[in-house]
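In: Structure of the sequence below:
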Amino acid sequence: MNKLHFGDNLEILQKMDDESVDLICTDPPINTRRNYNIFFPDSANSIWTWDKAAEDTRVDIEIKAANSKTYKTLNECLRGYDIMLRNSDSAMRAYLAFMGPRLAEMHRILSKTGSIFLHCDPSASHYLKCMMDAIFGAENFKNEIVWGYKGPSHEKRWFPRRHDIILFYGKSKDSYFNPDEARVPFTRRITGTGKNSLLKGSRTLDKVIALEEAYSDQGKLIEDYWTDIYGGENMLKLERLDYPNQKPRRLYERIIKASSNEGDLVLDPFCGGGTTLDAAQALKRYWIGIDITILALDPIEYRLKDRYGLKPSKDYKIQGYPKNMQDVKKLARDKTKHNEFSHWAVTRLGLTPSKDVDNNGHPRLWTLKDKKKSDLRILAEVKADKPTPEQIRALQKPMEDNKADIGVLITLESVTSDIHEIAEKMGKFEYKGLTYPRLQFWQITDAYFDDPETIYNDLQLPGMWRVRPTKKSGRHFSTEQMKLDFE
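Out: Predicted coordinates for the structure are as follows:
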């Protein structure tokens, strides 16, 4: 069955069987730290900071090098980078230490006929290519694919940077590749008579015309520079999910069609918003997606349900994601995953990270996913332990500093009456003629997993309207909330 894993992809890759994957297509975070930080700042810091974690990774690679040819060549490659980058770019040095063991594990789990396509940008592609030469073997390098795309630019210091690099390697000389699946329309015609001086031998122009007309029936094999697939702002509006650095599905459909067959297993260890998984599903391949942030589930779940009618747990497995209160408490107790617990809890409210502020601090500023209400600033704080009046009073300052319209405290335990009194004193917030409590609370309980709509029993956020049952009349609803949904 298709699978989604949430957690550190290195740990998950290490548990996968040797030569169990037919194709790897992935787009790891490269020189996109600003957008990446919006969604998961702590993860980004660990990737681009040369700290104890990076040093420990290097030590672990050296230990494994004693018994693994792959890790031995990786270690030698990183030693060279250590010397070259030690005094110039510690961030890149940390990033390469991060990527190294992950690429080594991808090599191990790739089948003998498998291939890997690593999406990167020009700031790191040359470093990653040398590393992949060491791990996969320079003899198994297939292509450096240039994906060019257009877009507005106000750059005055250099030519606008409008291309990414995709490194294509095989596991061996027997790696599967079907060029006929990578053909594109070919309609060019040459008119006229006589010989073409650019052609060798005695080929006549008439013969060239016949040859090109034959090509037009099946298309032509595209070269290693792709300019026919739009990205960024020019990507199809229906495909956009507002996930950082989202890539177009057509890009990965081309790769998957050319380098795998129906029924093969496709892996994306940095699956993000799920573009690779979407393309694999469309082409009848099995898939496994891994991502470190639980925030990725909502866009993946949405696109799989919208395009294919797939339901989580029924049509694909989800691991590392809370499915009941026992999972929630386990995640909350794990100090190393506090942010993942917070991300899961906050996104249950239909919130997304605000993109116009620095979210490196905590608590974090969020906004509603509804673009018509994206001007709202919501400060969300998650408490695994019992909240205290002091914590609530301390919450007021970051609300003021961030000019937050509403504060939401999410808890696992009940909120006491004195805390509710503090919230009452904070007053109301007015939005489009309607008022809402400035500070609100949501306690996560078993009731949420039985019926997610119970969130709306506790919270009043703009745009929320639900018909709620009552003991007396059976149904009632808030006319104020209903008006917002019909603006």
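In: Name the SS class of Y436, please.
Out: strand (DSSP: H, G, I helix; E, B strand; the rest coil).
In: Return the distance of it relative to Y127.
Out: 50 Å (CB to CB, to the nearest Å). All C-beta atoms are positioned from the backbone trio N, CA, C, and that covers glycine.
In: can you check I422 too?
Out: 52 Å.
In: When the two are compared, which one has more neighbours?
Out: Y127 (21 against 16; other CB atoms under 10 Å).
In: I figured that one hits Y81, correct?
Out: Yes: counting by CB atoms under 8 Å, Y127 touches Y81, with 7.0 Å between them.
In: Common neighbours of these two, please.
Out: L96 (CB atoms under 8 Å, 6 or more residues apart in numbering).
In: T227: how many residues sit nearby?
Out: The burial count for T227: 14, using other CB under 10 Å.
In: biggest helix in the chain by residues?
Out: The longest helix of the chain (DSSP state H) is helix 90-109.
In: I'd like to know which elements that helix is packed against.
Out: With contacts taken as 3 or more CB pairs under 8 Å, 6 or more residues apart in numbering; DSSP states H and E, helix 90-109 sits against helix 9-14, helix 41-48, helix 52-65, helix 69-85, strand 110-120, helix 125-136.
In: Tell me how far the first one lies from the chain's centre.
Out: Going back to what we said before, that points to helix 9-14. Relative to the chain's own centre, helix 9-14 is displaced by 16 Å; criterion: CA atoms, centre = their mean, to the nearest Å.
In: Mind checking what helix or strand follows that helix in sequence?
Out: strand 21-26 (DSSP states H and E).
In: Pairing partners for that next one, with directions?
Out: Using DSSP bridges, strand 21-26 pairs in its sheet with strand 110-120 (parallel), strand 265-268 (parallel).
In: Do me a favour and average the pLDDT over the shortest one.
Out: What it means is strand 265-268. Strand 265-268 comes out with an average pLDDT of 98.
In: Let me see the residues that make contact with it.
Out: Residues outside strand 265-268 that contact it (CB under 8 Å, 6+ apart): 20-27, 106, 109, 256, 260, 276-277, 280, 285-290.
In: Ok, the first one next?
Out: Residues external to strand 110-120 that are found in contact with it (CB under 8 Å, 6+ apart): 19-28, 30, 103, 106-107, 128, 132, 136, 142, 145, 164-172, 174-177, 247, 255, 259.
In: 7 Å instead, please
Out: 19, 21-27, 30, 106, 128, 132, 164-172, 174-176, 255, 259 (CB atoms under 7 Å, 6 or more residues apart in numbering).
In: What angle do helix 125-136 and that strand make with each other?
Out: For strand 110-120 against helix 125-136, the angle by axes from the mean of the first three to the mean of the last three CA atoms, to 10 degrees is 170 degrees.
In: Can I get strand 110-120 in PDB, CA atoms only?
Out: Only the C-alpha atoms of strand 110-120 are listed here, as PDB (Å, rounded to 0.1, in the frame of the first residue of the first chain):
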ATOM      1  CA  LEU A 110      17.500   1.700  -4.800                       C
ATOM      2  CA  SER A 111      17.100  -1.400  -7.000                       C
ATOM      3  CA  LYS A 112      19.800  -2.400  -9.500                       C
ATOM      4  CA  THR A 113      17.700  -1.200 -12.300                       C
ATOM      5  CA  GLY A 114      16.600   2.000 -10.400                       C
ATOM      6  CA  SER A 115      17.400   5.600 -10.900                       C
ATOM      7  CA  ILE A 116      17.500   8.800  -8.800                       C
ATOM      8  CA  PHE A 117      16.500  12.300  -9.900                       C
ATOM      9  CA  LEU A 118      17.800  15.000  -7.400                       C
ATOM     10  CA  HIS A 119      16.300  18.400  -7.900                       C
ATOM     11  CA  CYS A 120      18.500  21.300  -6.800                       C
END
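In: before we move on, the earlier item: ChimeraX command to pick out the buried ones of the contacts of strand 265-268?
Out: Under the burial definition 16 or more other CB atoms under 10 Å, those of the contacts of strand 265-268 that qualify are selected in ChimeraX by:
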select :21,22,23,24,25,26,27,106,109,256,260,276,277,280,285,286,287,288,289,290
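In: so what's L331 up against?
Out: Contacts of L331 (CB under 7 Å, 6+ apart): P322, K337, E340, F341.
In: separation between it and H343?
Out: Applying CB to CB, the value for L331 to H343 is 10 Å.
In: what does T411 give?
Out: For T411 relative to H343 (CB to CB), the value is 16 Å.
In: K247 now?
Out: 22 Å.
In: Ok, P152 next?
Out: 32 Å.
In: do S354 as well
Out: The gap separating S354 from H343 is 14 Å, by CB to CB.
In: and the two? which has more neighbours close in?
Out: Ranked by neighbour count (other CB under 10 Å), S354 and H343 place H343 first, with 24 against 20.
In: With adjacent residues omitted, what lies nearest to I24?
Out: Distances taken as CB to CB, 6 or more residues apart in numbering place I116 nearest to I24, at 4.2 Å, with adjacent residues excluded.
In: partner residues bridging the one you found?
Out: Beta-bridge pairing for I116 (DSSP bridges): I24, Y169.
In: Pull the number of nearby residues for it.
Out: 26.
In: For it, give me the pLDDT.
Out: pLDDT, I116: 98.
In: What spatial separation is found between I145 and R254?
Out: 10 Å.
In: oh sorry, the question was meant for L265
Out: In terms of CB to CB, L265 sits 19 Å off from R254.
In: and what of E421?
Out: Counting by CB to CB, the gap from E421 to R254 is 61 Å.
In: Tell me which of the two has more neighbours.
Out: Remark: of E421 and R254, R254 carries more neighbours, 21 against 11, as counted by other CB under 10 Å.
In: show me what contacts the more buried one?
Out: Counting by CB under 7 Å, 6+ apart, R254 touches A182.
In: host element of it?
Out: Assigned by DSSP H and E, R254 falls in helix 249-259.
In: Now that helix - C-alpha only, PDB.
Out: This file holds the C-alpha atoms of helix 249-259, laid out as PDB (Å, rounded to 0.1, in the frame of the first residue of the first chain):
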ATOM      1  CA  ARG A 249       3.300  17.900 -11.600                       C
ATOM      2  CA  ARG A 250       4.200  17.700 -15.300                       C
ATOM      3  CA  LEU A 251       7.800  17.900 -14.400                       C
ATOM      4  CA  TYR A 252       7.700  14.800 -12.300                       C
ATOM      5  CA  GLU A 253       5.300  13.000 -14.600                       C
ATOM      6  CA  ARG A 254       7.900  13.200 -17.400                       C
ATOM      7  CA  ILE A 255      10.600  11.800 -15.100                       C
ATOM      8  CA  ILE A 256       8.400   9.000 -13.800                       C
ATOM      9  CA  LYS A 257       7.200   7.900 -17.200                       C
ATOM     10  CA  ALA A 258      10.700   7.700 -18.600                       C
ATOM     11  CA  SER A 259      12.300   5.900 -15.700                       C
END
